Every structure is written in C-alpha cells, then in structure tokens.
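**Student:** sequence first, then the predicted structure, then my questions.
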Amino acid sequence: MGWVVIESYSFPYEAQIAKAKLDSCDIPSYIENEHTINMNWLYSNAIGGVRLAVPESFKEEAYSLIHQDFSHEVVQHFEIPVEHCPACGSPEIEPYTQGKRSAFLVFIFLGFPLFFYKHGLRCKKCLHFYSDQ
C-alpha cells in the first residue's frame, strides 16, 4: 500500500486543518515538508509546498472530503444575513475598489499617487457598485 499526495499547501497551518478534517473521518494521513517550511517559509514554493499524503486506497474519498465547501451550511446554522444588491437583488456580492486602475495609471505616468479610489461592494450580476457603509 503506497501513499499519494492529494494536496499541496503554501503554509503548514493549511495542511494541519486539512489533516484534522481527514482525521475526524478516520482517514490516515501525514504531512510532508512541514518542519522545513516552518524553519524557512521562503522554501515553500521551491520544494513544492507542504504536502498532504494519504494511502492510495483512501485517495478518492480524501480528495472529495478536502474539497467540500460547507460555507452555506455555516451561514444557515448561524443565521448570518446574506447581503443583496440594492439594484437587482442578487446575492452575488464581492468586495471591490472603484477607481483603482485609473489611480494606478496616474501614478505610473505622472509619478505621484492620487487617492481618488473608493472601497465598497460590487454586484457580480449587474456590476452595480455601492458603498458598504
């Protein structure tokens, strides 16, 4: 029975969280390169990151468990209010900075920064921008 790497992470804490999820389902696993990257985190990309390995017989089950998204269940359980776009009512909202591109271009061409950008939220569906305050 051989071991296979199912995921690679940049930081050891990410691999520890994934390993804890596998341990809770009685799937054996181990972490490679954790201590090396703890000593010098700049090595992470050079050596392939912190790798999480499982036995080949658990490969499919472990991979699907690691990649499950339970965020919608957390929102439902704790009754976190979902924000909706004021223009179209869509719940697909993302943080967005309006004017960032033009401020960057002014800085590149004129050599001094202009801070005329504004932070807020943008609807992914209708692209409506609004301030979150």
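**Tutor:** Happy to help now that I have it. Numbering: from 1, shown residues only.
**Student:** residue ranges for the helices of the protein, please.
**Tutor:** Taking DSSP state H as the test, the helices found in the chain are 12-24, 34-39, 59-66, 71-78, 100-110.
**Student:** report the buried residues of the first one.
**Tutor:** Meaning helix 12-24. Residues of helix 12-24 classed as buried: 12, 15, 18-19, 21-22 (neighbour count, 16 or more other Cβ atoms under 10 Å). (C-beta placed from N, C-alpha, C; glycine too.)
**Student:** closest to E34 out of those?
**Tutor:** P12 (4.6 Å; Cβ to Cβ).
**Student:** leaving out the residues flanking it, which one is nearest to that closest one?
**Tutor:** Spatial nearest neighbour of P12, chain neighbours left out: E34 (4.6 Å); criterion: Cβ to Cβ, 6 or more residues apart in numbering.
**Student:** show me what contacts the one you found?
**Tutor:** Applying Cβ atoms under 8 Å, 6 or more residues apart in numbering, we find E34 in contact with 12, 15-16, 50.
**Student:** per-domain residue ranges of this structure.
**Tutor:** Listed by automatic domain parsing, the domain ranges of the chain are 3-68, 93-130.
**Student:** most packed of these?
**Tutor:** Highest mean neighbour count of the domains of the chain: domain 3-68, a mean of 15 (counted as mean count of other Cβ atoms under 10 Å).
**Student:** could you work out the end-to-end span of that one for me?
**Tutor:** 22 Å (Cα to Cα, to the nearest Å).
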